[in-house]
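In: Let me see the structure of the following:
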Amino acid sequence: MKNNTILVLVLAIVLFLAGCGNTPSAEEYVGVVNGVKITQAEYQERYNLLQASYKMQEEAYSGTVVDEIPAEVLKELETRAFDDIVYQKLLIAEAENRNIKVSDEELEQAINDFKETQMQGNADNFSEFLQQTGLDEEKFRFEMKMELLISKLQEEVTADVSVSEEEVRTYYEENQSIYTQAAGIQIYHILVDSEELALEVMDKLNAGADFSQLAEEYSTCSSASQGGDLGIVNETTSFVPEFLTAALKLEPGQVTQEPVKTEFGYHIIKAGDRQEESIQDFASVKNGILLQLQQEKEITTFNDFVEGLKNKADITDYRDDKK
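Out: Sure, this is the predicted structure:
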C-alpha cells in the first residue's frame, strides 16, 4: 500500500533517534521499547509535530487561526506522541529484521514527487510547510525515508492478501443503495464569466454549433472536458437554487433561452435524456469494489500485524513515574 498524501506525512511521520547512554533515566528518557530508548527530545519533537498538525487541520477546517489547543486535546496528543514513537520503533526494527531498505534513488524520487504534487512545485509552499511542521530539510529527508521504509514493510506484510469474487458479489448485493442511480435528467452546461460572452455563445448555438464543442472551448467549469456533462440531476442534487430550478424546467433537448446567472457566473444549460431509477450492474462496478475491499483488507491485516508486534513487545513508559 502506498501512503501518498500530506496528511499521512504529517500524522504518520516517523521519528526514530537511536538512544545511547547508560541506565535509562526518567529525566533523560520517557520510555523504552524492546531495549531501545525513547528520549525526552524525540518525544517532545513528536508532541510538537502533532500540535502543529492539529492546528493545521483545524485552521483548514474552520478557516480561522488556532491560537490555543484545548487542554483535553493536549492530553490526547501527549499519549499519542508516545504511542506513535512506540509503533514507529517497532516497525523500523521489523523492517531491519526483514532487510528492507530504501535506496537513495527511491528517496530522491519520493521527495521530488512530494514537492511536485503536494507543494505544486512551489519552493515557497515547501518552505511554509517546513515552518508549519517545525521541520528542517534534513529531518524532512529522514522522515520521508522512514515513510518509504514502512510503506515497503506494509507491502511485504500484505503481499498475500486477496479478495475473492464471492466477497465482491456479497458486498455488492448487501450495498445496493450505493449503486442505485436516482431518477432525473441528464444536464449539460457552459459556464462563462460575463453575460456578454454567454450571449455570444448562445448565438453560436442558435447558428448550429455543437454544444459539446462550445463547452470545451468556452466553459470555465471542470466539466468542460466532458462537453459540459454534469450527470443526472434531480431535486436532491446539491446545485445552487438558480441553476437547479432552471435545469429542472427543461425538457429533453432544450436549452435555456437566456443565460442563468449564479454566484459562479453565467450558465447556458442543456437537458439530455430523462433517466428512470436504475441500479448499476455488477460487471460495471466489480473492479471498483474489488479495489476497495482489497485496500480495506490490507489495512486491517497491517493494523493487526502492528498490534501483534506491540503485544509481544517489552514497553516501559517512564512518563507514568511523573504523574
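
In: Mind telling me what element V30 is part of?
Out: V30 is part of strand 29-33, with elements assigned from DSSP states H and E.

In: by contact count, what packs against that strand?
Out: The elements that strand 29-33 packs onto, with contact taken as 3 or more CB pairs under 8 Å, 6 or more residues apart in numbering; DSSP states H and E, are strand 36-39, helix 40-62, helix 71-97, strand 315-317. (Each C-beta comes from the backbone N, C-alpha and C, glycine too.)

In: Do you have the strands of the stretch 101-250 of the chain handy? List them.
Out: Using DSSP state E, counting those that start in this stretch, the strands of the stretch 101-250 of the chain run over 180-181, 184-192, 229-233.

In: follow-up on the earlier one: show me the least confident stretch of the helices and strands packed on strand 29-33, going by mean pLDDT.
Out: Least confidently modelled of the helices and strands packed on strand 29-33 is helix 40-62, at a mean of 89 by mean pLDDT.

In: Correct me if wrong: V306 contacts V86.
Out: No. Using CB atoms under 8 Å as the test, V306 is too far from V86 to be in contact (10.2 Å).

In: So which of the two has more stuff around it?
Out: Shown here are V306 and V86; by other CB atoms under 10 Å, V86 has more neighbours (21 against 18).

In: which residues touch that one?
Out: Residues near V86 by CB atoms under 8 Å, 6 or more residues apart in numbering: G31, V33, I38, K310, A313, I315.

In: Try it again at 7 Å.
Out: Counting by CB atoms under 7 Å, 6 or more residues apart in numbering, V86 touches V33, K310, I315.

In: wait, doesn't the second one sit right on L90?
Out: Yes. Counting by CB atoms under 7 Å, L90 is a contact partner of K310 at 6.3 Å.

In: out of the two, which sits in the busier spot?
Out: Neighbour comparison, K310 and L90: the larger count goes to L90, with 20 against 13 (by other CB under 10 Å).
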